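>>> Prediction below, plus the sequence it came from.
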Amino acid sequence: MLFLPQSQPSHLSSTTLAPPKHALPASYVSCTSHLRVSCSRREDDYHATLKALNSRGRTPRKSLGQHYMLDSSINEQLVGVAEVRQGDVVLEIGPGTGSLTNVLLTAGATVIGIEKDSHMATLVRDRFHGNERLLILQEDFTKCHIRAHVNSVLDASKSVAKGSFTAKVVSNLPFNISTDVVKQLLPMGDIFSDVVLLLQDEAASRFVDASLRTPEYRPINVFVNFYSVPEYKFKVLRNKFFPQPNVDGAVVKFKLKQSMDYPPVASPKSFFSMVNSAFSGKRKMLRKSLQHICAAHEIERALQNIGLPITARPTELTLDDFVRLHNLIARV
Ligand SMILES: C[S@@+](CC[C@H](N)C(=O)[O-])C[C@H]1O[C@@H](n2cnc3c(N)ncnc32)[C@H](O)[C@@H]1O
C-alpha cells in the first residue's frame, strides 16, 4: 500500500518568500497560490521520513531507478557545479522526494521537474505546496516535449525580467535512462548552457574518459565531444543513496556548445550516420565498414590525407579525424 504524506512534515522548517521574479506562464498550474517552501539545507530530514514511510510498505521501484539521495551536501555540490544563480531556469529530471529540488529552489532557481512516477510527482508537489517557482510535470522524460516546456518558462522569464536567459539541467538521474538523456539534451545548446548529471560512475567515465584504441571508445564519445565539453567532477559513493545501488555514482558537467561552435560538417545527421556505420559490425577496418558510402580506394586516400594508416579502425579516430574523413568522403 502506498503511504504518502499529504503535506510537508512538521519538522521541516518553512520560510515565506518574496513573490518570485519569474512567475511561470499562466498555462501552467503551479502548486498553489501560497508562498511557502521548505528550506532545509542541512541533512534532508524528509528522507528520514520517506524511509520510515517506505519501511511501512512503499518500496522504491527498481525499474524507475529510484535511488534517493540521502546526503544534502551532495545536492549542494551538484548545484554548485552547475553554478545555479538566482533567476536561472533549471530542468530537473526525476525530482523524486524533492531533496535536490529543495536546494535548487533555495538557490533562487525556477525549477521544471519531470517525474514519471505519479506517486512521487504528488509527493513533491505536496512538499513544495505553494512555491510558484516550481512546475512539476508528471511525464516520462524520454517521451516528453522538453523544448516546448522549457521555452515556455524561458519566455515567461524574459517577459518579466527583460533579460536573455539560458537554462540549465541538474539531475540525479535514474541510471537506466542516462544514454537517452545525454542523446536528447546535448544537442540543445540553444536553450541549455550546462547539463550537470549524477550518473553511474562507470557510465560517467565512459562518457568522459573513453580512450582511443580501446573497446570502450564508441560513437557516443564522438557525439558527446561534438556537442559538448564534458568534465568528470566527483565520485558519489553508493552508501549515499537509499536504497543503496550496487554501483557508485559520479557527477559529470557537460558544457554545451552553441551550433556555431560545432565541428564544421555539412550535416550532423549524415556525419553521425557515417560514425555509426564506421563502428558497426565487428570493428572492421574503415575501408570495409564504410564501403556503402564510397569505394575502398577513396577511403584509403582520405585516411592517408588525414595522416592515418589505410588499415585504420574506428577506435583510432578522434572527433577531429572523423570530421575530416566525413568532409573528404561523404556525399551529403
Ligand atoms: C535516482 S532517483 C532521484 C530522485 C531525487 N532526485 C533524489 O536525488 O533523491 C530518480 C527519479 O527519477 C524518476 N524517473 C525514473 N524514470 C524517469 C523518466 N523516464 N522520466 C522522468 N522521471 C523518471 C524516478 O521515479 C525517481 O524519482
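That came through, no problem. Residues are numbered from 1 along each chain as shown.

>>> tell me the contacts of the residue in the stretch 1-150 of the chain positioned nearest to the ligand?
Proximity of the stretch 1-150 of the chain to the ligand (CB to the nearest ligand atom) peaks at Gly94, 2.0 Å away. In short, each C-beta sits where N, CA and C put it, glycine included. Applying CB atoms under 8 Å, 6 or more residues apart in numbering, we find Gly94 in contact with 64-65, 113-116, 120, 141, 171-174.

>>> let's see it at 7 Å
Gly94 sits next to 115, 171-174 when contact means CB atoms under 7 Å, 6 or more residues apart in numbering.

>>> Name the residues of the stretch 151-300 of the chain found near the ligand, please.
By the criterion of CB under 6 Å from any ligand atom, the positions of the stretch 151-300 of the chain lying close to the ligand are 172, 174, 177.

>>> If we use 5 Å, what do you get?
Counting by CB under 5 Å from any ligand atom, the residues of the stretch 151-300 of the chain close to the ligand are 172, 174.

>>> ok, which stretches of the stretch 151-300 of the chain are helices?
With DSSP state H, counting those that start in this stretch applied, the stretch 151-300 of the chain shows helices at 178-185, 201-209, 219-227, 268-279, 286-289, 296-306, listed in chain order.

>>> could those helices go into CSV alongside distance to Lys253?
CSV is the format used below for these (distance: least, CB to CB, whole Å):
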stretch, distance to Lys253
helix 178-185, 12
helix 201-209, 10
helix 219-227, 12
helix 268-279, 22
helix 286-289, 32
helix 296-306, 31
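
>>> want to try a markdown table for these, with mean neighbour count as columns?
Conversion of the helices of the stretch 151-300 of the chain to a markdown table gives the following (neighbours: other CB atoms under 10 Å):
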| stretch | mean neighbour count |
| --- | --- |
| helix 178-185 | 18 |
| helix 201-209 | 19 |
| helix 219-227 | 21 |
| helix 268-279 | 18 |
| helix 286-289 | 20 |
| helix 296-306 | 16 |
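
>>> and the gap between the residue sitting furthest away from the middle of the chain and the ligand?
Most distant residue from the mean C-alpha position of the chain: His297, 41.6 Å away (CA atoms, centre = their mean). In this view, His297 and the ligand are 47 Å apart by CB to the nearest ligand atom, to the nearest Å.

>>> How far away from the center of its chain is stretch 61-69?
In terms of CA atoms, centre = their mean, to the nearest Å, the centre of stretch 61-69 is found 16 Å from the chain centre.

>>> Any chance of a markdown table for the helices of the stretch 151-300 of the chain, columns mean pLDDT and distance to Phe192?
Supplementary listing: those in a markdown table, determined by pLDDT from 0 to 100; distance: least, CB to CB, whole Å:
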| stretch | mean pLDDT | distance to Phe192 |
| --- | --- | --- |
| helix 178-185 | 96 | 6 |
| helix 201-209 | 95 | 16 |
| helix 219-227 | 97 | 11 |
| helix 268-279 | 93 | 17 |
| helix 286-289 | 90 | 33 |
| helix 296-306 | 92 | 32 |
